[in-house]
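A.B. asks: quick one: sequence and predicted model below, then my questions.
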Amino acid sequence: MAQPWITLDTVTTDEGVLELRQRGRQDFLITVGGLVLMNSLNNRSEIVLGQIACQHLKDHPAPKVLVGGLGMGCTLRAVLDCLPATAQVIVAELNPVVVDWCQGPLADLTDGVVKDPRVRIELGDVADLVRCKLKNEKFDAVVFDLYKGPHPKTDKLNDPLYGSRAIKNVAAILKPQGLFTIWGENYDAGFENRLNAGGFKARSQRSGKGGYRHVIFIAQKNR
């Protein structure tokens, strides 16, 4: 018989109640408004997302990476495992409690990834950070691992994350040939087209084999 979920913490957000649940030693669940955001035993696409963004930077003298969305820290762990000790990784996270969870009950999942000396946490919306606070910085890779990925109903121009204006903002903070990788629940041809029109050469892939597979969009800045 499966063990019952135990609720470790809850916090009210604009999108509903955010909860961290656990059953067993390493089986965790994060939900919002009753909807599952992520499960610690089903994260292959998040890991591949981070690897694709950063595996080419392992010999870079001092790479700089932006990660939008902390979650359980699995994508960040994959990013750091590809990078040298000289790397700098900025992580944008909207909810402070998620950072607390990664420092507390979730820490063993990722070897305390939040406390890695290469990591700097910026609390806030990654779209706002890209547009304002980070607009004068230059990154080798940008990774968006957000629970709402691009979809056909996305506002093509004004969506703060996946619209053409947002894509232009990301392109502005990337170095020439820099990579922009984005997690998506399903493929969205419109988003891939906007990436290609916004100064990137884009493609997509699904990770692993069998079962439900999420989409990873991979976009390289043209120049």
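C.D. replies: Structure's in. What do you need? Given the structure is predicted, the values throughout are model-derived calculations rather than measurements.
A.B. asks: which secondary element of the chain has the worst mean pLDDT?
C.D. replies: Least confident helix or strand of the chain, by mean pLDDT, DSSP states H and E, is strand 35-39 with a mean of 91.
A.B. asks: would you mark the buried spots in that one?
C.D. replies: 37-38 (16 or more other Cβ atoms under 10 Å). C-beta here means a position set from N, CA and C on the backbone, and glycine is covered the same way.
A.B. asks: can you check stretch 214-223 too?
C.D. replies: Applying 16+ other Cβ under 10 Å to stretch 214-223 flags 214-221 as buried.
A.B. asks: repeat for stretch 80-100
C.D. replies: Neighbour-count burial for stretch 80-100 [16+ other Cβ under 10 Å]: 80-83, 87-95, 98-99.
A.B. asks: and of these, the nearest to residue 65?
C.D. replies: residue 89 (4.8 Å; Cβ to Cβ).
A.B. asks: element containing that closest one?
C.D. replies: Per DSSP states H and E: residue 89 is located in strand 88-93.
A.B. asks: and residue 72, by the same measure?
C.D. replies: Short version, using DSSP H and E: residue 72 is in no helix or strand.
A.B. asks: the one 3 residues further on now?
C.D. replies: When secondary structure is defined using DSSP H and E, the element that contains residue 75 is helix 74-81.
A.B. asks: quick one: list the elements packing against that helix.
C.D. replies: Counting contacts by 3 or more Cβ pairs under 8 Å, 6 or more residues apart in numbering; DSSP states H and E, helix 74-81 is packed against helix 44-54, strand 64-68, strand 88-93.
A.B. asks: can you show me the strands along the chain?
C.D. replies: All strands of the chain, identified by DSSP state E, fall at 6-13, 16-23, 27-32, 35-39, 64-68, 88-93, 119-123, 139-144, 174-184, 200-206, 215-221.
A.B. asks: adding distance to residue 159, write those out as CSV.
C.D. replies: CSV is the format used below for these (distance: least, Cβ to Cβ, whole Å):
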stretch, distance to residue 159
strand 6-13, 20
strand 16-23, 21
strand 27-32, 19
strand 35-39, 19
strand 64-68, 14
strand 88-93, 17
strand 119-123, 21
strand 139-144, 12
strand 174-184, 12
strand 200-206, 16
strand 215-221, 14
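A.B. asks: rank the ones you listed by pLDDT, which is bottom?
C.D. replies: Ranked by mean pLDDT, the strands of the chain bottom out at strand 35-39, which scores a mean of 91.
A.B. asks: which residues does the residue sitting nearest the centre point of the chain contact?
C.D. replies: The structure's the chain has its C-alpha centroid closest to residue 145; by Cα atoms, centre = their mean the separation is 2.0 Å. Listed by Cβ atoms under 8 Å, 6 or more residues apart in numbering, the contact set of residue 145 reads 46, 49-50, 67-69, 71, 75, 183.
A.B. asks: what's the answer for residue 101, then?
C.D. replies: Residue 101 neighbours (Cβ under 8 Å, 6+ apart): 8-9, 20, 30, 72.
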